[in-house]
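[1] give me the fold of what follows.
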Amino acid sequence: MADIRSDTDEPRAVAATARSKAAPAAILLMLVGALQALQGLAAILDDDVFSARAGYTYDLDVTAWGWGHLIIGAILVVSGLFLFTGSAIAGGVAMALAGMSAIATFAFVPNYPFWALLIIALDIVVIWIIASSGILES
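    You can find the predicted model right below:
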């Protein structure tokens with residue numbers, strides 16, 4: 001029997017595949033964003049929650065640092081929502097934001113090392129999923 005698919009079906013199939021491959025990255029990105037926002041909110045509400053070790057090179061004001069993480073977290077959640085579309089632009093932006101999140105969290109390592117390394121690892125997983133999913137090629 002002859003194949004009755006038209007040429008217009010192929011772009012839709014590619015877009016659907018890109019969306020399905022982007023879903024795990026989108027979910028993880030929104031999770032990382034929520035964790036970043038909660039971390040930032042904790043720093044804003046109570047300065048004594050996080051205390052850096054003395055002499056750390058990247059010793060930052062906890063409240064200012066908290067606002068930064070709250071904003072980064074909100075942007076990550078929104079980026080994760082856009083990533084569900086399967087757009088290559090959303091994928092590129094999500095990769096860039098996940099990289100920025102990892103870099104911003106690096107300054108948090110002396111306060112809570114396990115938590116910071118977990119967030120950085122999740123950021124790297126998000127970047128890996130997007131890079132290997134083929135979403136950037138759609």
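[2] give me the number of residues near the spatially closest residue to residue 31 that is not a sequence neighbour?
    Nearest residue to residue 31 in three dimensions, chain neighbours excluded: residue 122, at 7.1 Å (C-beta to C-beta, 6 or more residues apart in numbering). Using the backbone N, CA and C atoms, a C-beta is placed for each residue, glycine as well. By the criterion of other C-beta atoms under 10 Å, residue 122 has 20 neighbours.
[3] what about residue 122, distance to residue 89?
    According to C-beta to C-beta, to the nearest Å, residue 122 and residue 89 sit 22 Å apart.
[4] ditto for residue 66
    30 Å.
[5] is residue 110 in a helix, a strand, or coil?
    Per DSSP: H, G, I helix; E, B strand; the rest coil, the local secondary structure of residue 110 is coil.
[6] quick check: phi and psi on it?
    For residue 110, the backbone dihedrals (degrees, to the nearest 10) come out as phi -70, psi -20.
[7] what's the answer for residue 132, then?
    According to degrees, to the nearest 10, residue 132 has phi -90, psi -10.
[8] tell me, what's the model's pLDDT at it?
    pLDDT, residue 132: 88.
[9] tally of neighbours for it?
    Using other C-beta under 10 Å, residue 132 has 11 other residues around it.
[10] all set, thanks.
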